[in-house]
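**Q** Pasting a predicted model and its sequence here:
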Amino acid sequence: MAKDSKRTVLVTGGAGFIGSHTLVELINAGFEVVAVDNFSNSDDTCLKGVEQIVGRKIPFENIDCCDYEAMEKLFQSYEFDSVIHFAAFKAVGESVEMPLKYYRNNITSFLNVLELMQKYNRSNIVFSSSATVYGETDVLPVTEQTPRMPAISSYGNTKQICEDILRDTVASSKIRGIALRYFNPIGAHPSALIGELPRGVPNNLVPFITQTASGVRECLSVFGNDYPTPDGSCIRDYIDVVDLAKAHVSAISRMVEDKNKQNYEIFNVGTGKGTSVLELVSMFEKVNNLKLNYKIAPRRQGDVVAIYADTTLANIELGWKAERSLEDTLASAWKWEQYIRSKK
Ligand code: UFG
């Protein structure tokens, strides 16, 4: 394999929210990239945005990672030594209604990537895991040692299963892997050229907030104000997407530079700080100088009361820390929403 391939990264799901931001940060850090996506939950808006930000074309293939033959051609055509695997379905509610769709897609694509990495001797993989693997836990903040709870959704179960697949694959091969457990990724690139583009009615809080602010949605429902928290609404750890993207660069660099302590490692990626839904809403109003139409609605099924990360391990081992303030992140989410509306 050519020398440059050591610093070339295949990014699956590269047209998506976290994938596109990670492409930018990889390029900023001097990596070469190859992106694939089948646009099942995206379009080329963010890819074009990435190209505008970095000022060059991104090598890209429209491929479904479940298509083994197409993926094999990709492995034969490009010399990357590392992979970041974002490509997956991620709607919690839909996964409960259509479990097979989630198991087939999220697991098949991951098996294909790992099998091909083995066959073509590729070294390193970062897997997009999620704080969902901790489920409802009494231990706060959660560390990587906090036991995983049985998943409440099929989506969450695919994350647990894929973590286990990676652990076992690493144990029996030369592949090295890092699972990053994301907390709640929000915000957008400061340029507002890339950001989150949910299809249809957003499930997640921040896109629902920004769409309500822009008038696409009439009113935000705050799901529950009778939880055992200071203001009664749920608490989450909201992590800026650019900070999250940088965690991927740190994880890949750790393996490329042979600094990993074990061949399979897990890191929480959050800020370490919990914020309630009502706090987030009022912060959004304040930083963007607007009033949001919202009402208190019944609890949403499956929501955990509170979860936030202990990020000590990522701080020490990855040398990574969330840097952007929640205020700046919420301002960037609003800037992106306005940019997207102006294009439509
Ligand atoms: N919420 C509202 N109104 C909305 C949307 C959300 O009040 O319209 C509340 C939720 O009840 C929750 C909080 O905002 O308390 C955050 O909800 P999100 O849907 O934005 O995020 P979740 O914490 O439910 O889910 C996120 C990821 C999942 C992941 C999970 C793991 O989206 O992929 O974290 O904790 F599985």
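**A** Looks like it came in fine.

**Q** need the residues of the protein near the ligand, please.
**A** 90, 92, 130-132, 156, 184, 203-205, 208, 220-223, 234, 236, 277, 300, 303, 307 (Cβ under 6 Å from any ligand atom). Every C-beta, even on glycine, is put in place using the N, C-alpha and C of the backbone.

**Q** List only buried entries from the residues you listed.
**A** Neighbour-count burial (16 or more other Cβ atoms under 10 Å) applied to the residues of the chain next to the ligand gives 90, 92, 130-132, 156, 184, 204-205, 208, 220, 222-223, 234, 236, 277, 303, 307.

**Q** Can I take it that residue 36 is in a helix?
**A** No: counting by DSSP: H, G, I helix; E, B strand; the rest coil, residue 36 is located in no helix; its state is strand.

**Q** re earlier: let's see which of the residues of the chain next to the ligand end up in strands.
**A** 130, 184, 220, 221, 222, 223, 236 (DSSP state E).

**Q** any weak-confidence spans in the chain?
**A** Where the chain drops to pLDDT under 70, the residues are 1-3.

**Q** Tell me how far the spatially most central residue of it lies from the ligand.
**A** The chain has residue 18 as the residue nearest its centroid, 4.9 Å off, counting by Cα atoms, centre = their mean. Separation of residue 18 from the ligand (Cβ to the nearest ligand atom, to the nearest Å) stands at 11 Å.

**Q** For the closest residue to residue 315 other than its chain neighbours, which three-state class applies?
**A** Take residue 315 and drop its neighbours on the chain: the residue closest to it by Cβ to Cβ, 6 or more residues apart in numbering is residue 321, 5.3 Å away. Assigned by three-state DSSP, the conformation of residue 321 is coil.

**Q** so how far is residue 265 from residue 321?
**A** Computed as Cβ to Cβ, to the nearest Å, the residue 321 to residue 265 distance reads 17 Å.

**Q** more crowded one of the two?
**A** Neighbours of residue 321 and residue 265, each counted by other Cβ atoms under 10 Å, are more numerous for residue 265; the result is 20 against 15.

**Q** circling back to that earlier point, kindly provide the distance from the residue nearest to residue 315 to the ligand.
**A** Per Cβ to the nearest ligand atom, residue 321 is found 21 Å from the ligand.

**Q** got the contact list for that residue?
**A** 311, 314, 315 (Cβ atoms under 8 Å, 6 or more residues apart in numbering).

**Q** Which of those are buried? Put it as a PyMOL command.
**A** To isolate the buried members of the contacts of residue 321 in PyMOL, using 16+ other Cβ under 10 Å:
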select buried, resi 311+314
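
**Q** can you pull out the strands in the stretch 151-300 of the chain?
**A** Ranges of strands in the stretch 151-300 of the chain, per DSSP state E, counting those that start in this stretch, are 176-182, 184-186, 220-223, 235-236, 238-240, 264-269, 275-276, 294-297.

**Q** Output the longest one as CSV, nothing but the C-alphas.
**A** Put plainly, it is strand 176-182. Provided in CSV are the C-alpha atoms of strand 176-182 (Å, rounded to 0.1, in the frame of the first residue of the first chain):
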residue,chain,number,x,y,z
ARG,A,176,-7.8,-1.9,15.5
GLY,A,177,-11.1,-0.3,16.5
ILE,A,178,-12.4,2.6,18.5
ALA,A,179,-16.1,3.0,19.4
LEU,A,180,-17.1,6.6,20.1
ARG,A,181,-20.3,6.8,22.2
TYR,A,182,-21.9,10.1,21.2
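
**Q** what pairs with it, and is each one parallel or antiparallel?
**A** strand 124-130 (parallel), strand 264-269 (parallel) (DSSP bridges).

**Q** ok now the last one, how far from the chain's centre?
**A** To tie it back to what came earlier, the one meant is strand 264-269. In terms of Cα atoms, centre = their mean, to the nearest Å, the centre of strand 264-269 is set 13 Å apart from its chain centre.

**Q** From residue 68, how far out is the closest residue to residue 203 other than its chain neighbours?
**A** If the residues on either side of it in the chain are set aside, residue 203 comes closest to residue 91, at 5.8 Å by Cβ to Cβ, 6+ apart. Using Cβ to Cβ, residue 91 is found at 25 Å from residue 68.
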